[in-house]
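J.: what shape does this take:
(2 chains)
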Amino acid sequence: MNEADIKSAIFAGLRQIAPESDPDSLGPDQKIRETLDIDSFDFLNFLIALHDKLGVEIPEADYGKLTTLSEMTRYLTQRS
Amino acid sequence: MVVIQTAGEPTAKPTEIPGPAPAKIAKPHASLLARKIASEIGVDLSKLTGTGPGGLIDREDVEHAASPTPAIQTGAVRVKISPLARRLAAELHVDLSTVHGTGPEGIIERIDVEKAATTKKGGTEKSGEGMRRAIAAAMAKSNRESPHYYLQTRIDMSSALKWLEETNQKRALKDRLRPTVLLIKAVAKALRDVPGLNGFWIDNEPHISKAIHLGFAISMKGGGLVAPAIHDVDQMTCDGIMAALHDLIPRARSGRLRSSEMTDATMTVTSLGVESVFGVIYPPQVGLIGFGRIMEQPWARDGMLGVHPVMTASLAADHRATDGHLGAQFLDALNRHFQSPESL
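T.: Reported below is the predicted structural model:
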């Protein structure tokens, strides 16, 4: 999986949990949850979807490392 | 995989909740449910004749009074509709012939009308209008009739979060518990200790509920909120509550709640990403508990200052039904349950 695949998986996941929002408008260093108004349950579902798609294990302690697009892309690229 | 068990058997506490001395005015003989519905939809019980046992006014009588004819004609087609839905449709100017009923036998329910009210407007700007009006009516009633008192306390969440982390470590992503589950469970347990806040204020008297159905406030995308009931939450395990939330939240957001979920809550829980919450009670309930965000804060203990994850819990309660002393007992019980998370 390259970075582009991972980005598209992230965007697909975000569109699924926040259909009315526009992930394309998200800046690389903007906080995803705050910017797209995603609550903790939706965020968890989003992580579950990413896990299913990419097969990456995400320990709970790492949730805090996944707040922006660039953080998330880096984290998932390193582990997939 | 660990199986989380709830602590021992629920012990019914013989706590007597002293209600205000009942006023000796002749009151219509009506069931609690009937009173609740009558108060919600604005039916005067004293004008009704009960058809229940011993002339008791029951739910059917109230609903009948709200809608003298059980079905209405639109063109040649008979429309089946619940009285509550019909009243709402009139308020929201919804044409019933355009509404698709999703209740038993295609009966139009309140939720169908709300959905029709939001879709008929088209466009996202007005999509929350029906819900906005419903919230406006409930909150105005609460502010008008219910004298609120507020109590708040800071809760050290170290033990609870540590327990949660240990539990979640052994679990796959999709089985992990969110802190929200602990909030709900702790409130349910505290209500069992201090039941006076679990119930309603109807016809100038408190009605304490034995069953604990917690309403959980869910914000809607694009505005508005609903607080559907999670039934008998005190008897659920943490896993059960987590599953219930996974089921409830998407249904709430897509307008697929059951009518019992819309009406049965005996107290409401709200959790927001702020420091503390000052809530408005959802009538005829008598209490609402608000949780702020869990934040690292300076915390002094045993003469030492440390940094702990701390959460502010605040109670908004109806002073007609309870007093601050009882509210304080409730918050104290709540705190205690957070300090022994393994028994939650």
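J.: contacts, neighbours, all on C-alpha from now
T.: OK.
J.: for the stretch 1-150 of chain B, give me the ranges with low pLDDT.
T.: Per-residue confidence of the stretch 1-150 of chain B (counting by pLDDT under 70) places the weak regions at B:1-27, B:67-78, B:91, B:118-127.
J.: now do 50
T.: Across the stretch 1-150 of chain B, the ranges flagged by pLDDT under 50 are B:1-24, B:68-77, B:121-126.
J.: excluding sequence neighbours, find me the nearest residue to residue 80.
T.: Went with chain A since none was named. Leaving aside its chain neighbours, A:Ser80 sits nearest to A:Val56 (5.9 Å; criterion: C-alpha to C-alpha, 6 or more residues apart in numbering or on different chains).
J.: please refer instead to chain B.
T.: On the basis of C-alpha to C-alpha, 6+ apart, the spatially nearest residue to B:Lys80 that is not a chain neighbour turns out to be B:Ile107, at 4.8 Å.
J.: pretty sure that neighbour sits against B:Pro83.
T.: No: the pair B:Ile107 and B:Pro83 does not pass the contact test of C-alpha atoms under 8 Å, sitting 10.6 Å apart.
J.: okay, those two: which has more neighbours?
T.: For B:Ile107 and B:Pro83, the more surrounded residue by other C-alpha atoms under 10 Å in any protein chain shown is B:Pro83, and the numbers stand at 23 against 17.
J.: ok, residue 32 - how many residues close by?
T.: Picking chain A for this. Residues near A:Ile32, counting by other C-alpha under 10 Å, number 20.
J.: chain B is the one I meant
T.: A total of 16 residues lie near B:Leu32 under the criterion other C-alpha under 10 Å.
J.: ok, the one 5 residues further on next?
T.: Here the number of neighbours of B:Ile37 (other C-alpha under 10 Å) works out to 20.
J.: tell me who's in contact with it.
T.: Contact partners of B:Ile37, counting by C-alpha atoms under 8 Å, 6 or more residues apart in numbering or on different chains, are B:Arg59, B:Val62, B:Glu63.
J.: Three-state assignment for the residue of chain A positioned farthest from its centre, please.
T.: For chain A, the residue at maximal distance from the C-alpha centroid (C-alpha atoms, centre = their mean) is A:Glu20, at 16.3 Å. In the three-state summary, A:Glu20 is assigned as coil, counting by DSSP: H, G, I helix; E, B strand; the rest coil.
J.: what's the neighbour count on the closest residue to chain B within chain A?
T.: Using C-alpha to the nearest C-alpha, the single residue of chain A nearest to chain B is A:Ile48, 6.0 Å away. Under the neighbour criterion other C-alpha under 10 Å, A:Ile48 is assigned a count of 21.
J.: helices - which of the contacts of B:Ile37 land there?
T.: Assignment to helices by DSSP state H places the following of these there: B:Arg59, B:Val62, B:Glu63.
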